[in-house]
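[1] Predicted model and sequence follow; I will ask about them next.
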Amino acid sequence: QVLLVESGGGLVQPGGSLRLSCAASGFTFSSYAMNWVRQAPGKGLEWLSDINSSGGTTDYADSVKGRFTISRDNAKSTLYLQMNNLRPGDTAMYYCARERSEIPLYGMDHWGKGTLVTVSS
């Protein structure tokens, strides 16, 4: 079955960096676009970024543009999110999610359980 497992979260000081990973299995990773989504405490889901199946096209929410970078390694079936210049407002549970197709157009159909990022001094 489809399995997405996030890792790399933790406690970081404001201005610091983290790299999240999402290990995928149970499907042909290179055939699907992928997303990162987060949920801050007491708030709704916020889409952050997506990447098409080949990794050639990416998109970002304004809230993270210029600070976060999405990437993927199809040989390793792994999705990444490099997060720089982290702010307290970035504190959230971070999820990776699979798109229904090779391009991010039809919605997300599988989610990981998330990894917690806490930005605090």
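    All right, it came through fine.
[2] can you give me the strands in this protein?
    3-7, 10-12, 18-25, 34-39, 45-51, 58-60, 68-73, 78-83, 92-99, 108-111, 115-119 (DSSP state E).
[3] mean confidence for stretch 13-28?
    Across stretch 13-28, pLDDT averages out at 98.
[4] what residue lies at the spatial centre of this protein?
    Residue closest to the average C-alpha location in the chain (Cα atoms, centre = their mean): residue 36, at 2.7 Å.
[5] For that one, give the beta-bridge partners.
    residue 49, residue 96 (DSSP bridges).
[6] pretty sure it is touching residue 69, no?
    No: judged on Cβ atoms under 8 Å, residue 36 makes no contact with residue 69 at a distance of 10.4 Å. Backbone N, C-alpha and C define where each C-beta goes, glycine included.
[7] what residues are shared contacts of the two?
    residue 81 (Cβ atoms under 8 Å, 6 or more residues apart in numbering).
[8] How much space separates the closest residue to residue 24 other than its chain neighbours from residue 120?
    Take residue 24 and drop its neighbours on the chain: the residue closest to it by Cβ to Cβ, 6 or more residues apart in numbering is residue 77, 4.6 Å away. Using Cβ to Cβ, to the nearest Å, residue 77 is found at 32 Å from residue 120.
[9] who's more crowded, these two?
    Each of residue 77 and residue 120 has its neighbours counted (other Cβ atoms under 10 Å); residue 77 has more, 17 against 10.
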